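Chemist: kindly generate the corresponding structure for this input.
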Amino acid sequence: MKESNIDKLIVVGDRVLIAPAMATRKTKGGLLLPAGYQEKEEVQTGYIVKCGPGFPLPSTDEGEAWRPSDGEPRYLPLQVHPGDMAIFLLKNAVELKYDGEKYFIVPQSGILMVERDED
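Modeler: Residues are numbered from 1 along each chain as shown. Model prediction:
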């Protein structure tokens, strides 16, 4: 089975990879908006593609300081999940193009709200 290129990306920490939602070019009243109008808005929407492992937790090893730890970091998981529709602040996002597609990398703190389909 061929691995898609997006599967090769590893999102770190509390970051989330978001694919922007397709913006409508018309207002509810039927007014045609110029190209790029939606991209300049402060708040954007998109679908979460991948999530990082979460917030790193400090080690609670109560053994001797000289003894090596098990090396496995522990994380507090994120509230968001792949597939959620996220509303996020553009000022907290880093835009990137990968494999010809546009994505945003956003910390969980930059996400205002998610809509989760419970199906």
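Chemist: quick one, what contacts Gly46?
Modeler: Residues near Gly46 by C-beta atoms under 8 Å, 6 or more residues apart in numbering: 18-21, 85-86, 88, 104. Glycine gets a C-beta too; all of them are placed from N, C-alpha and C.
Chemist: give me the secondary structure label for it.
Modeler: Using DSSP: H, G, I helix; E, B strand; the rest coil, the structure places Gly46 in strand.
Chemist: for Gly100, see how far away it is.
Modeler: 17 Å (C-beta to C-beta, to the nearest Å).
Chemist: next one: Leu76
Modeler: From Leu76 to Gly100 the distance is 34 Å (C-beta to C-beta).
Chemist: of those two, which one has the most company?
Modeler: Leu76 (10 against 6; other C-beta atoms under 10 Å).
Chemist: got a pLDDT number for that one?
Modeler: Leu76 carries a pLDDT value of 93.
Chemist: over to Gly71?
Modeler: So Gly71 comes in at 68 (pLDDT).
Chemist: ditto for Lys26
Modeler: Looking at Lys26, its pLDDT stands at 55.
Chemist: what's the answer for the one 5 residues further on, then?
Modeler: Here the pLDDT value assigned to Leu31 is 57.
Chemist: hey, what's the most centrally placed residue in the chain bridged with?
Modeler: Geometric centre of the chain, nearest residue: Val16, 2.1 Å, by C-alpha atoms, centre = their mean. Beta bridges link Val16 to Cys51, Val106, judged by DSSP bridges.
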